[in-house]
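model this:
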Amino acid sequence: MSERSIAVVGPTGFTGGLVVDALLRRGMAVRLVGRSLDRLTSVAARHRNANPELCPVLEWERERIAEVLVGCAAVVSCAGPFVEAGRPVVEGAIAARVPYCDSAGEQPFIRWVYEQQNDAAQSAGVAVVPAFGFDYVPGDLGAAIAVDGLGPLRRVDVVYAVQAVGTSVGTRRSALGMLRAPCLQRVDGRLVVERLGARRRQVDAGFATVIAGSFPGGESLMLPRHLQVDTVITHVGLPGMLSPAGRWASVLPRVLSLPGLAPTLDRLVGRGAAGPGARARAGRVACHVEVEAEDGRRRAVLVEGTDPYGFTAAALAELATRMARGNVDATGSCAPAQVVDARGFLSATGYTVREVTPAG
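I've put the predicted structure just below:
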């Protein structure tokens, strides 16, 4: 492997481990970056033939992270929760002039990357692409496909649906932070705060008819970067009581914000399974994207597949490989559709897309 290494920050977690596997399958050299040498060594032991580099960072700050990223061809960050651990990695990558992508799902972090890091990334000549996983690549790329030929948009509705629920420790910790933060949607050209589940939407997700509730997704921040659109609403439909469309949605954020409760919840989510089981990963998932043009025309597409974590790893590994090989020309803080071809990339990562009847 003569190419320069791709750094994986946070390779000891569930998603980070999958990204390492996906990069090595592509024949890429990998540099493992994290806080614990023992845990990095454990990951490296599973890949002795690949001989990955180990780079422990004891002081989690921009300067130290930049030092270990120097010389890398790209960096993938899976070190969450991103609102706590993500900023020094972005700043370090920009300082080291290394293209960057991550698996973030937290809306406040994505907004920070777009609004506060764009100029620095452009000056450094690198692309910085947050939230390049199952949340929220299908929604962003699905909208880019659906809009073809329609012109300026009045509205985009995105619905994520899963057949079975399974999460990693990192996802659960990030989700707690997301539920405590304001839920932003784009309405009439402005970001407005709405309660979780304030809106409901019913769609045919292919495997079932799903009722989803509004959720603080990334599309309200991403789509205006490459589409002319007034309103963007993201919804999530989950089976059982976990869905934002359920009765608990209006009260859960307030409960999670009760004084003294956060440390207890953080401990509890860390005690569960490290990642989803085989049944959850094999379950079907879908992203229904419907766009409405200013002249009233509507179009919808359904992005379908399985295993959101596997998709996230494949998407990050594919983008990082393209970055490392100089196949991404964009600079600055970018949405997914600004760095890849929508249809081709979904196909390359194992997901399908088809036009469907709008839900209305």
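
Determine the number of other residues adjacent to the nearest residue to P130 once chain neighbours are set aside.
Spatial nearest neighbour of P130, chain neighbours left out: V113 (4.4 Å); criterion: CB to CB, 6 or more residues apart in numbering. (C-beta placed from N, C-alpha, C; glycine too.) Applying other CB atoms under 10 Å, we find 24 residues neighbouring V113.

contacting residues around the strand or helix carrying V113?
For V113, the element it lies in under DSSP states H and E is helix 107-116. Contacts to helix 107-116, defined as CB atoms under 8 Å, 6 or more residues apart in numbering, come from residues 82-83, 86-87, 90, 104, 128, 130-131, 178, 181, 183-184, 216-218, 220-222, 225, 333.

Next, the buried residues of that helix.
Within helix 107-116, the residues that count as buried by 16 or more other CB atoms under 10 Å are 107, 109-114.

Could you tell me which residues make contact with A317?
19, 22-23, 25-26, 28, 76.

and which of those is nearest to R4?
For the contacts of A317, the minimum distance to R4 (CB to CB) is 9.3 Å, reached by M28.

Can you list phi and psi of that closest one for me?
Here is the backbone geometry of M28 (degrees, to the nearest 10): phi -90, psi 150.

Bridged to the residue nearest to it when sequence neighbours are not counted, which residues?
Nearest non-adjacent residue to M28, counting by CB to CB, 6+ apart: I6, 5.3 Å away. Using DSSP bridges, the bridge partners assigned to I6 are V30, A74.

And I6, how far from A337?
Counting by CB to CB, to the nearest Å, the gap from I6 to A337 is 22 Å.

For the most centrally placed residue in the chain, what is the enclosing helix or strand?
Closest to where the C-alpha atoms of the chain average out (CA atoms, centre = their mean) is A131, at 2.9 Å. Under the criterion DSSP H and E, no helix or strand holds A131.

Go ahead and confirm it touches P216.
No. Judged on CB atoms under 8 Å, A131 makes no contact with P216 at a distance of 11.7 Å.

returning to what we had before: hmm, which of the contacts of A317 are the buried ones?
Buried among those (16+ other CB under 10 Å): 19, 22-23, 28, 76.

mind checking pLDDT for L238?
On pLDDT, L238 comes in at 84.

Sketch out the low-pLDDT regions of the stretch 201-350 of the chain for me.
240-242, 247-273 (pLDDT under 70).

What are the boundaries of the helices in it?
219-222, 252-256, 261-270, 278-282, 308-324, 342-348 (DSSP state H, counting those that start in this stretch).

before we move on, back to that, restricted to strands, list the buried ones among the contacts of A317.
V76 (DSSP state E).

which one of the buried ones among the contacts of A317 sits closest to V303?
Closest approach to V303 among the buried ones among the contacts of A317 (CB to CB): A22, at 19.4 Å.

how much space between the closest residue to the closest one other than its chain neighbours and V285?
Counting by CB to CB, 6+ apart, A317 is the residue found nearest to A22 once chain neighbours are left out, at 3.5 Å. The gap separating A317 from V285 is 19 Å, by CB to CB.

same question, G305
For G305 relative to V285 (CB to CB), the value is 6 Å.

out of these two, which sits in the busier spot?
Taking other CB under 10 Å, G305 and V285 do not tie; V285 has more neighbours (24 against 20).
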